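I would like to see how this sequence folds:
(chains A and B)
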There are 2 protein chains.
Amino acid sequence: MIEPQQPGRLAATYRLRCPTYEEATEVARDIAREQTLEVPPGVVDGQLEERLLGQVDHVGDHPEGGFDARISYALEVTGTELLQVVNVAYGNVSLMNGVRLVDLVLPAEVLDALPGPRHGLDGLRQMVGAEAGRPLVSVAIKPVGRSSRELAELASTFARAGVDAIKDDHGLVDQGAAPFLERVTTVGAAVAAANSETGGHTIYFPNVTGPVDRLEERLDHVVAVGCGGVMVCPSLMGLDVMRVIASGPRPLAIMAHPTHSQVAPGRREGIAPDVLYGTLYRLAGADVVVYVNAGGRFAWPVEQCEAINTRLRAPLGGHRTSAPAPAGGVNDADAGSWLERYGPDTMLLIGGSLLAQTDLFGATSRLMEAARAATPCGARS
Amino acid sequence: MIEPQQPGRLAATYRLRCPTYEEATEVARDIAREQTLEVPPGVVDGQLEERLLGQVDHVGDHPEGGFDARISYALEVTGTELLQVVNVAYGNVSLMNGVRLVDLVLPAEVLDALPGPRHGLDGLRQMVGAEAGRPLVSVAIKPVGRSSRELAELASTFARAGVDAIKDDHGLVDQGAAPFLERVTTVGAAVAAANSETGGHTIYFPNVTGPVDRLEERLDHVVAVGCGGVMVCPSLMGLDVMRVIASGPRPLAIMAHPTHSQVAPGRREGIAPDVLYGTLYRLAGADVVVYVNAGGRFAWPVEQCEAINTRLRAPLGGHRTSAPAPAGGVNDADAGSWLERYGPDTMLLIGGSLLAQTDLFGATSRLMEAARAATPCGARS
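Sure, this is the predicted structure:
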C-alpha cells in the first residue's frame, strides 16, 4: 500500500493487535503521544500540543484481524535526518507488543534530504555493460575459513563466466583466514584480471561491515583496489552509515544485506519487510537490496517478496530505483522461473547452490544465459 | 540464565517455537549452518565443516512451550569484533519466524576485546558525589518544541534540586526549536551555573544520536561545554557507534536509550531484552542503560526488569557494572517503592510525571530524599 504524500507530514501506518475499534483508537492516541511529545496532557500548552502531537488520521479494521491506524507527524518533530525519521516512525513504540509498522509515507522535505541510490538499477546496468532491460545476476564468495586466495579463485571463475556482481558473504569480515585488506586486494585483483581477459565489467562488492571507526580506511582501500561497489549490513552497522557512504565522495555502488534486520512476514511487531527494505534501505542509498526469497531457507511467501520489489521500483521523490536481489537458498536451476515471476528489473543472487556445482564456470554461464533470455524483446532491440 | 563460559566459543541459546523435539533439533542444526558456513553440506571439506560449523550443544524443552537450543560458535568465525559477534549470534536467523535469542555467553577473548562501561555505576557515583551505595536519580528535559532557553530553565531547577543526571529526551535531536549545538551550550551552561551555586555535581547527558558523520563534531562540542556524559540510542545509531564513543579519547559517561531496539518480553522472535541491554549494551560501553519499567506505559512484567538488572550487575569478564535505569511512565511518587524493589544499585529515571508537577523543585528534592532513604545503612556509615 503506497499512499499519496501529505504535504510536510510523515504518515506512518501501524497494524495494531487490538480486539475492538475503541481499544485500537486508544492505542493509536498513545502512540501519537509517545512518538512526539512524550509528556502527559497538560504539561505543555495547548498550542504546542496542537502543533506537535502526532495526529491520528484514520483507524480501520484489517481483513486479517486487528486494526490499521494511520498517524501523521509534523516536520517540526521529524526533521529531515534519517535516524530521527526512523525514531519517530518506530522508536519507543517498537517496545510495545502488538504494534507493527506497515506503511511509511514521507514528505518531500525528507525525500529530498536523503541520498537514495547513487546509481540505481539502470546505473548498475551501465556499470556492468548489461544491455538495457536485462536482469542482473550476482553470486557470493564464501564461506568463512577459506583463504583470500581460495576466495579469489572462486571470484575469478565467476567473473570469467560473465556474472554481473560478486559479493562477499556477509559472514566474511576480518577473520584470520581472509583478513579484510588482504581479501579485498586479492579478490579485487582476480576480478580485474578476469575482466581484462574477457572484456567484461564484473563488479566486486567487498563486505565493509565492521568497526565504524575503521570504515574510512576500508572504503579507501576498496577504491584503491579499484572495486566498483561495497556491501554493507545496515541493520547491523547502522542505517545512517549506509547513508554516509551513499552521500560521500566515493562513487561506489552499494549492496545492502539484511542480516540482523529482525523482520519477517506475519509478525505482530517489527517493521514490515517491504517498508524497511523498499523504503528505508532505498532512501539510505542502497543500489541493490538483498532479501530472503520465497522457496528458499526462510519460508517467506512470494507476495512479501513482490511487495519489496514493488517498493524498490515505485516512484519515490526523485530517487532512482534499487535492484531487488532475492536470495537465500535460491537454486541456480530455478533462475529462469524466478526472473519470469519477478520481471527483468531484478538482480538474482545465487549463493550456496551454485558453489555446490562441480562445473562452476558452466553453471554460472547458464545463469547468465537465463538472464539474457529473460530480457524483454523491446529492450534488447 | 547466565551460564559459565566455554573456552574460546560463543554460546547462544535460542528459544524455538517448534511442536516436537525432533523438529527443534532440525531447526537448531539449520541455525548452526546458517550462522556460520551458510553453504550446503559437501561444498567445503569435512575438516572445515568440523572446525567452523556451529555446534548444537543441547536441545531441551522449555516449561512455557517450545524448546531451548544452545549452539556454540568457534572464535575463528565470531572473531572479537562487536558487530560480527552480533551477526553470528542473531544475523540471518533474525529473519526466521519462531527463533528468539534468549541467552548469550561470550568467551574471554570477546569480553576482553570490548570496552564495557568506562565509569560504571560506582564511577558515576563518584562523578556526582553520591555517597557509597546510594541509588542515583535522573530526569529528562523535554519535549520537542521547547526552546533551548526553556529546556535550560528546567535543567537549572533539576540541578539546583540536586538530581544526579539530566538527560535530553531522545526525541530532541537537532530540530529548529532547540538545535543541538545551541541546546548543549545553553543547557550545559545552566547546569554548570546551578552546580556552582549549590556545590553539586549534576551531569548533563545531551543526546548525540543523529548523523554518524557529525558525531565527532558533537562529541567535541559536548566536551568543550564541559558536560560529563552523552546519551546515545545504540539501536538507532548503531551498537558499534556506542563502542567507539566508549573506547575513544573523551572520558564521557554514556547513557544508552532503548528507542528502536525492537524488543519486548513474550515475543516469539527478537532478542530477549535482558540479553540486548544487559549483555550487549553493557559490553558496548553503556554506563547507564535506560529501559521501560513495569507499571509504566509499556506493560512489561517486573520480572523482565529484574532480569535486565541482574545482567547489568552480574560479573562479566573484568567489566564494571552498569546502572539500570528503569523509566517510561514511572510516577515520581512511587520512586521509593521502586528503589525498594530494585535495590540501591539503580538509577531511577523520572520523566513526564515530574514535569507535570507544579512545584518542580520540591518534587525533585523529594526524589533525592527517597534516594538517600534507600541507601543501605552499612554503605552510608
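
List the beta-bridge partners for A:M231.
A:N207, A:M255 (DSSP bridges).

so what pLDDT did it get?
We have a pLDDT of 98 for A:M231.

list the contacts for it?
Contacts for A:M231 (Cβ atoms under 8 Å, 6 or more residues apart in numbering or on different chains) come out as A:K167, A:D168, A:H170, A:F205, A:P206, A:N207, A:V208, A:T209, A:I254, A:M255, A:A256, A:H257. (Glycine included, C-beta is placed from N, CA and C.)

Leaving out sequence neighbours, find the closest residue to A:R341.
Taking Cβ to Cβ, 6 or more residues apart in numbering or on different chains as the measure, A:R341 lies nearest to A:V302, with 7.1 Å between them; neighbours along the chain are not counted.

Give me the pLDDT value at that neighbour.
Looking at A:V302, its pLDDT stands at 96.

Also the one 3 residues further on?
In this model, A:C305 is scored at 97, pLDDT.

Check A:R380 too.
pLDDT for A:R380: 48.

still on that earlier bit, how many neighbouring residues does the residue nearest to A:R341 have?
Taking other Cβ atoms under 10 Å in any protein chain shown as the neighbour definition, A:V302 ends up with a count of 14.

cool, A:E150 as well?
15.

near chain B at all, the helix or strand where it lies?
For A:E150, the element it lies in under DSSP states H and E is helix A:148-160. No: counting by Cβ under 8 Å from any Cβ of the partner chain, chain B is not contacted by helix A:148-160; separation bottoms out at 9.7 Å.

Tell me the helices and strands packed up against whichever helix or strand comes after that helix.
Per DSSP H and E, helix A:148-160 leads on to strand A:165-168 as the next helix or strand towards the C-terminus. Using 3 or more Cβ pairs under 8 Å, 6 or more residues apart in numbering or on different chains; DSSP states H and E, the elements in contact with strand A:165-168 are strand A:136-141, helix A:148-160, helix A:180-198, strand A:203-205, strand A:229-232.

Swap in 7 Å and give it another go.
In terms of contacts (3 or more Cβ pairs under 7 Å, 6 or more residues apart in numbering or on different chains; DSSP states H and E), strand A:165-168 is packed against strand A:136-141, helix A:148-160, strand A:203-205.

Let me know how buried whichever residue of the stretch 101-250 of chain A sits closest to chain B is, in neighbour terms.
Closest approach of the stretch 101-250 of chain A to chain B (Cβ to the nearest Cβ) occurs at A:G238, with a separation of 2.8 Å. A count of neighbours around A:G238, defined by other Cβ under 10 Å, yields 27.

circling back: tell me if I'm right that the residue nearest to A:R341 and A:A294 touch.
Yes: distance between A:V302 and A:A294: 3.9 Å, which falls inside the contact criterion (Cβ atoms under 7 Å).

Centroid-nearest residue for chain A?
Central residue of chain A (Cα atoms, centre = their mean): A:V289, 3.3 Å from the mean position.

Would you check that that residue makes contact with A:P324?
Yes: between A:V289 and A:P324 a contact is recorded at 6.0 Å, counting by Cβ under 7 Å.

shared neighbours of the two, anything?
Common contacts of A:V289 and A:P324, defined by Cβ atoms under 7 Å, 6 or more residues apart in numbering or on different chains, comprise A:L312.

For the stretch 101-250 of chain A, what lies in contact range of chain B?
A:142-145, A:169-171, A:173-176, A:209-213, A:236-238, A:240-241, A:244 (Cβ under 7 Å from any Cβ of the partner chain).

Buried ones among those residues?
Applying a neighbour-count criterion of 16 or more other Cβ atoms under 10 Å in any protein chain shown, the buried members of those are A:142-145, A:169-171, A:173-175, A:209-212, A:236-238, A:240-241, A:244.

now the helices for the stretch 201-350 of chain A?
Along the stretch 201-350 of chain A, the segments classed as helices by DSSP state H, counting those that start in this stretch run A:215-225, A:234-237, A:239-247, A:273, A:282-283, A:302-313, A:335-342.

elements contacting the last one?
Contact analysis of helix A:335-342 by 3+ Cβ pairs under 7 Å, 6+ apart lists strand A:323-327, strand A:347-350, helix A:360-373 as its packing neighbours.

ok, and which of those has the densest surroundings?
Looking across the helices and strands packed on helix A:335-342 with neighbours counted as mean count of other Cβ atoms under 10 Å in any protein chain shown, the highest average goes to strand A:323-327: a mean of 29.

when you compare where it runs with where strand A:136-141 runs, what's the angle?
Put simply, strand A:323-327 runs at 50 degrees to strand A:136-141, going by axes from the mean of the first three to the mean of the last three Cα atoms, to 10 degrees.

Now do strand A:323-327 and helix A:302-313, the angle between them.
Computed by the same axes, to 10 degrees, the angle separating strand A:323-327 from helix A:302-313 equals 150 degrees.

Does anything pack onto strand A:323-327? Which helices or strands?
Counting by 3+ Cβ pairs under 7 Å, 6+ apart, strand A:323-327 packs on strand A:288-292, helix A:302-313, helix A:335-342, strand A:347-350.

and the third one, how far from the chain's centre?
The chain centre lies 20 Å from the centre of helix A:335-342; the measure is Cα atoms, centre = their mean, to the nearest Å.

Name whatever forms a beta bridge with A:L16.
Residues in a beta bridge with A:L16, per DSSP bridges, are A:F67, A:V99.

Can you pull the poorly scored residue ranges out of the stretch 251-381 of chain A?
Low-confidence regions of the stretch 251-381 of chain A, defined here as pLDDT under 70, cover residues A:329, A:379-381.

How about the residues of the stretch 251-381 of chain A by chain B?
Residues of the stretch 251-381 of chain A that fall close to chain B, judged by Cβ under 7 Å from any Cβ: A:258-264, A:266-267, A:269-270, A:292, A:297-298, A:352-353, A:355-356.

and if we set it to 10 Å?
Contact residues (Cβ under 10 Å from any Cβ of the partner chain) of the stretch 251-381 of chain A with chain B: A:257-271, A:273, A:291-292, A:297-300, A:328-329, A:351-357.

so how far is A:G270 from A:G65?
17 Å (Cβ to Cβ, to the nearest Å).

who's more crowded, those two?
When A:G65 and A:G270 are compared for neighbours, A:G270 comes out ahead with 24 against 10, by other Cβ under 10 Å.

about what we covered before: winner for burial among the helices and strands packed on strand A:165-168?
Highest mean neighbour count among those (mean count of other Cβ under 10 Å): strand A:136-141, a mean of 28.
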